[in-house]
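Novice: What would the 3D arrangement of this be:
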Amino acid sequence: MAEKKKYSYIKYPYSKAGWISFVLGILAGCMTVAVVIAAVLSSGSTGTFVAAVGFSAVIFDIMGIVFTLLSLSEKEKNHLFAWIGGGLSLLSLALWALIVLV
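Specialist: The predicted model follows:
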């Protein structure tokens, strides 16, 4: 019986910094949504814990962008998750800028 050939559709492996960026982008996005929901439910009078979660989300966004840039400097790697994580981090950071300015 002939042995089946295995094909890889991914030319390069995913970058490690890209995975970190992806996870940070998802965490920051979830934290941002949680803070917005908590603020809406409490009519804007949230406590220091919610403020700390919001501050942590902004820090995670910045870290996600840094890891995206680090991932893009890796040669011969697949940067799909870096782009997704960077996009999520930028979107969440833009939402925080909108919240602070309004």
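
Novice: what about residue 46, helix or strand, and which?
Specialist: For residue 46, there is no host helix or strand (DSSP states H and E).

Novice: so it touches residue 36, yeah?
Specialist: No - when contacts are counted by Cβ atoms under 8 Å, residue 46 is not listed as touching residue 36 (10.3 Å). C-betas here are computed from N, CA, C, even on glycine.

Novice: Just give me the residue closest to the centre of the protein.
Specialist: The centroid of the chain falls nearest to residue 25 when counting by Cα atoms, centre = their mean (0.8 Å).

Novice: helix, strand or coil for that residue?
Specialist: helix (DSSP: H, G, I helix; E, B strand; the rest coil).

Novice: show me the contacts for the residue nearest to it when sequence neighbours are not counted.
Specialist: Nearest residue to residue 25, sequence neighbours excluded (Cβ to Cβ, 6 or more residues apart in numbering): residue 88, at 3.1 Å. Each residue near residue 88 by Cβ atoms under 8 Å, 6 or more residues apart in numbering is listed here: 22, 25-26, 28-29, 64.

Novice: Let's have these in a markdown table, adding pLDDT and distance to residue 14.
Specialist: A markdown table is the format used below for the contacts of residue 88 (pLDDT from 0 to 100; distance: Cβ to Cβ, whole Å):
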| residue | pLDDT | distance to residue 14 |
| --- | --- | --- |
| 22 | 96 | 9 |
| 25 | 95 | 15 |
| 26 | 97 | 15 |
| 28 | 95 | 20 |
| 29 | 94 | 20 |
| 64 | 95 | 16 |
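
Novice: Only whichever of those are buried, select them in PyMOL.
Specialist: Buried residues among the contacts of residue 88 (16 or more other Cβ atoms under 10 Å), as a PyMOL selection:
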select buried, resi 22+25+26+28+29+64
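
Novice: Turn the contacts of residue 88 into a markdown table, including distance to residue 71.
Specialist: Converted to a markdown table, the contacts of residue 88 look like this (distance: Cβ to Cβ, whole Å):
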| residue | distance to residue 71 |
| --- | --- |
| 22 | 9 |
| 25 | 12 |
| 26 | 15 |
| 28 | 16 |
| 29 | 18 |
| 64 | 10 |
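
Novice: No further questions, thank you.
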